[in-house]
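[1] After the sequence you'll find the predicted model.
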Protein chains: 2
Amino acid sequence: MLNAIEWCDDHLEVIDQTHLPARLEVVKLSTVDDVVDAIKRLAVRGAPAIGVCGAFGVVIGLREGRTRDDLAKTIGDARPTAVNLRRDVDRTLQADDALDEALEIQAEDRESCARIGEFGRAELADTTRVMTHCNTGRLATSGIGTALGVVYSKFEAGEPIEVIATETRPLLQGGRLTAWELHDAGVPVTLIPDSAAGAALQAGKAGAVIVGCDRVAANGDTANKIGTYQLAVFARAANVPFYVAGPLSSFDPDTPDGRSIEIEFRPPEEVTNASGIDVGVWNPAFDVTPAHLITAFITDAGVLRPPFSVTIAAAFGAQK
Amino acid sequence: MLNAIEWCDDHLEVIDQTHLPARLEVVKLSTVDDVVDAIKRLAVRGAPAIGVCGAFGVVIGLREGRTRDDLAKTIGDARPTAVNLRRDVDRTLQADDALDEALEIQAEDRESCARIGEFGRAELADTTRVMTHCNTGRLATSGIGTALGVVYSKFEAGEPIEVIATETRPLLQGGRLTAWELHDAGVPVTLIPDSAAGAALQAGKAGAVIVGCDRVAANGDTANKIGTYQLAVFARAANVPFYVAGPLSSFDPDTPDGRSIEIEFRPPEEVTNASGIDVGVWNPAFDVTPAHLITAFITDAGVLRPPFSVTIAAAFGAQK
């Protein structure tokens, strides 16, 4: 099975996702600078995956003799929006044995994906066609994925499942990564331009929309890949349920609502490269979907339903 | 001033829009086959422009000695969705002097754009930032354009106006053509991925959305470039007015509603080319925006407001 991130005694090996699907290239990350660079240029991406990658980055950094403060900042701030990176970096820094902790974080991620998959499979028992956005599968986590984890769980259980995958401009994580992953696994997948998502839902092409999350606030407002908010709006217009799948580690009870989530902006060239024209660009990497557009969260602690401020708090209370 | 289509004694010269913005290449269309090929491969596109192109195609075809039935079918069916092509081809075929008629159609198109521009300038007097989709300007018509005609009218009158242009995947007519046209004219333009349109409206980046149209049904349902429906849904969610700009020649009172409009599907390669993976694709060229999401139509006969079935019928009655 595909492993996006693998610890090898003294370094990390990761699939460089910027080259997919043209070639499957594994790169060796031996220094903190390597790790930070891989996260920043999206060689590794997906909230759970960059958390795991950051945790192993701490292991490498401590062996390099770098201070905890330096590592907390250098690795923890490599990308701002996903809560997993900051949290997994801090957790590894505070542990007695950093390597044990990083391996534990990775194992938990794998296990969380499996649980999300099973909870989602039960929730979507009658759904045979889902629409998804960006990439939330084996390339985005240490396991089978979050939103795609639900798809894989249904597929492995022999249930009928087809995926409508949005391209996810500007970096085409849907067109390059999700289409590749699902095709590789034998799951039927249909690729659509982001501009066709509304029409596809209007035409009844999917019985549910399911996406991942980079940070869920205490009230349920959810930061995820740019374009997620749009899908939630279309889903509501088409009367189709809209699910967010993710581990509780992507939830941040310290963030009260979406307005408190820092949104990363990416370079204009990601957009202008495609058309070859040098004009102004607005290129946020994420958007915030308001909680009221979300049907339910499919988490590793079960399905959370509205009112989310209550159910999210309860899930964290139960976890402690 | 840029002319997308020019009649030169015995042939047409058109800008091959597939090469923009990399290079401005004018191609000579000397036969019916040349004309049909240019329309099919989108060297010429935009509902008014392909109507004009088709009219001159009839002139060329009659000189080639082809029959009226043959030309009605060969040229009139080159693309199915926009009503202008079929109507302008039929009109030229029925005229005593085909060349006079084609030149008249082109002159009317230019004049219609100017009127749309002025009606739109009055309607959007207080709007300084608009979002638009695809390309509806000098490259899509024989004049200043429809939705972009409103922008140019405001700009030429010295009114403040900025444009948020969506990329418009898969063929990037926004990123390649609209960004190029507006930048060339000195109009401030910001390019966004299609996936960011909802977030941009949510963030208050535009005071109105204005798009063109390929066919407006009798009840106001509007076929236009794929992604238009989405913008209408976001505009409603963000409480921003949503305008459709176009000449009455893009309205079809014989089409009762959106369900009767044939939607063209385009080759999967337009989508898979970007990501380099061979999977299933759903690639409609157009979608239908239901009339209830449209604030008003800005036409060459004035601004039409709901109830559209009444105001559209009245506009056609007044025209006769």
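    Received it, and whenever you're ready, just let me know what you need.

[2] How about the contacts made by the most centrally placed residue in chain A?
    What sits nearest the mean C-alpha location of chain A, by Cα atoms, centre = their mean, is residue A:46, with 3.7 Å. Neighbour list for residue A:46: A:4, A:135-136, A:139-141, A:212 [criterion: Cβ atoms under 8 Å, 6 or more residues apart in numbering or on different chains]. All C-beta spots, glycine's among them, are computed from the backbone N, C-alpha and C.

[3] can you rerun that using 7 Å?
    Residue A:46 sits next to A:135-136, A:139-141 when contact means Cβ atoms under 7 Å, 6 or more residues apart in numbering or on different chains.

[4] out of those, who's nearest residue B:299?
    residue A:135 (43.6 Å; Cβ to Cβ).

[5] Which pLDDT value belongs to that closest one?
    Note for residue A:135: predicted pLDDT of 97.

[6] Turn the contacts of residue A:46 into JSON lines, including secondary structure, distance to residue B:123 and neighbour count.
    Shown next, in JSON lines, are the contacts of residue A:46 (DSSP: H, G, I helix; E, B strand; the rest coil; distance: Cβ to Cβ, whole Å; neighbours: other Cβ atoms under 10 Å in any protein chain shown):
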{"residue": "A:135", "secondary structure": "coil", "distance to residue B:123": "42", "neighbour count": "33"}
{"residue": "A:136", "secondary structure": "coil", "distance to residue B:123": "43", "neighbour count": "34"}
{"residue": "A:139", "secondary structure": "coil", "distance to residue B:123": "48", "neighbour count": "26"}
{"residue": "A:140", "secondary structure": "coil", "distance to residue B:123": "46", "neighbour count": "29"}
{"residue": "A:141", "secondary structure": "coil", "distance to residue B:123": "50", "neighbour count": "31"}
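
[7] before we move on, the earlier item: so the residue nearest to the centre of chain A versus residue B:253, what's the distance?
    For residue A:46, the distance to residue B:253 (Cβ to Cβ, to the nearest Å) stands at 51 Å.

[8] Can you measure across stretch A:210-218, start residue to end residue?
    Stretch A:210-218 has an end-to-end distance of 20 Å (criterion: Cα to Cα, to the nearest Å).

[9] again, but for stretch A:149-163
    One end of stretch A:149-163 sits 12 Å from the other (Cα to Cα).

[10] and that stretch, average pLDDT?
    98.

[11] Let me know whether that stretch sits next to chain B.
    No: judged by Cβ under 7 Å from any Cβ of the partner chain, stretch A:149-163 stays clear of chain B, getting no closer than 9.0 Å.

[12] list the helices and strands the longest helix out of those in chain A packs on?
    In chain A, assigned by DSSP state H, the helix with the most residues is helix A:98-123. For helix A:98-123, the contact count by 3 or more Cβ pairs under 7 Å, 6 or more residues apart in numbering or on different chains; DSSP states H and E identifies helix A:47-63, helix A:83-94, helix A:147-156, strand A:296-299, strand A:302-304 as packing neighbours.

[13] got the residues of the stretch 101-250 of chain A near chain B?
    A:167-170, A:172, A:175-176, A:179-180, A:183, A:189-200, A:202, A:226-227, A:229-230, A:233-234, A:237.

[14] The same query, at a cut-off of 8 Å, please.
    Residues of the stretch 101-250 of chain A lying close to chain B (Cβ under 8 Å from any Cβ of the partner chain) are A:164, A:166-170, A:172, A:175-176, A:179-180, A:182-183, A:188-200, A:202, A:205, A:225-227, A:229-230, A:233-234, A:237.

[15] Could you dump the helices and strands packed on helix A:98-123 into TSV and include mean neighbour count?
    Formatted as TSV, these follow (neighbours: other Cβ atoms under 10 Å in any protein chain shown):
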stretch	mean neighbour count
helix A:47-63	27
helix A:83-94	23
helix A:147-156	27
strand A:296-299	26
strand A:302-304	19
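
[16] Contact partners for the closest residue to chain B within the stretch 1-150 of chain A?
    Nearest residue of the stretch 1-150 of chain A to chain B, counting by Cβ to the nearest Cβ: residue A:21, 4.7 Å away. With contact set as Cβ under 8 Å, 6+ apart, residue A:21 has these partners: A:176-177, A:179-180, B:275-277.

[17] Please work out the average pLDDT along stretch A:172-180.
    Averaging pLDDT along stretch A:172-180 yields 96.

[18] nope, stretch A:22-39 is what I meant
    If you average the pLDDT over stretch A:22-39, you get 96.

[19] Relative to the whole chain's centre, how far out is that stretch?
    18 Å (Cα atoms, centre = their mean, to the nearest Å).

[20] Buried residues, that stretch. List them.
    Of the residues in stretch A:22-39, A:27, A:29, A:32, A:34-36, A:38-39 count as buried by neighbour count, 16 or more other Cβ atoms under 10 Å in any protein chain shown.

[21] Same list (the residues you listed) but as CSV, adding secondary structure and distance to chain B.
    Shown next, in CSV, are these (DSSP: H, G, I helix; E, B strand; the rest coil; distance: Cβ to the nearest Cβ, whole Å):
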residue, secondary structure, distance to chain B
A:27, strand, 20
A:29, strand, 25
A:32, helix, 32
A:34, helix, 26
A:35, helix, 27
A:36, helix, 26
A:38, helix, 21
A:39, helix, 22
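
[22] between those, which is closest to residue B:65?
    Ranked by distance to residue B:65 (Cβ to Cβ), the buried residues of stretch A:22-39 are led by residue A:27 at 64.9 Å.

[23] now that closest one: how far from residue A:42?
    Distance, residue A:27 to residue A:42, using Cβ to Cβ: 13 Å.

[24] do the same with residue A:95
    Per Cβ to Cβ, residue A:95 is found 27 Å from residue A:42.

[25] before we move on, what about residue A:242?
    For residue A:242 relative to residue A:42 (Cβ to Cβ), the value is 25 Å.

[26] between those two, which one's more packed in?
    residue A:242 (23 against 18; other Cβ atoms under 10 Å in any protein chain shown).

[27] and that one, what is it in contact with?
    Contacts of residue A:242 (Cβ under 8 Å, 6+ apart): A:208-209, A:211, A:231-232, A:235-236, A:293-295.

[28] In strands, which of those fall?
    Judged by DSSP state E, these include A:208-209, A:211 as members of strands.

[29] Next, format the residues you listed as JSON lines and append neighbour count.
    Listed next are those as JSON lines, based on neighbours: other Cβ under 10 Å:
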{"residue": "A:208", "neighbour count": "21"}
{"residue": "A:209", "neighbour count": "27"}
{"residue": "A:211", "neighbour count": "28"}
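
[30] Just give me the closest of the residues you listed to residue A:13.
    Comparing the ones in strands among the contacts of residue A:242 against residue A:13 with Cβ to Cβ places residue A:211 closest, at 28.2 Å.

[31] Residue A:44 looks like it's in a strand, true?
    No: Residue A:44: not assigned to a strand; according to DSSP: H, G, I helix; E, B strand; the rest coil it is coil.

[32] How many neighbouring residues does it have?
    When neighbours are counted by other Cβ under 10 Å, residue A:44 registers 26.

[33] Residue B:294 versus that one, what's the distance?
    For residue A:44, the distance to residue B:294 - Cβ to Cβ - is 44 Å.

[34] just residue A:184 next, same as before
    Noted for residue A:184: a distance of 43 Å to residue B:294, by Cβ to Cβ.
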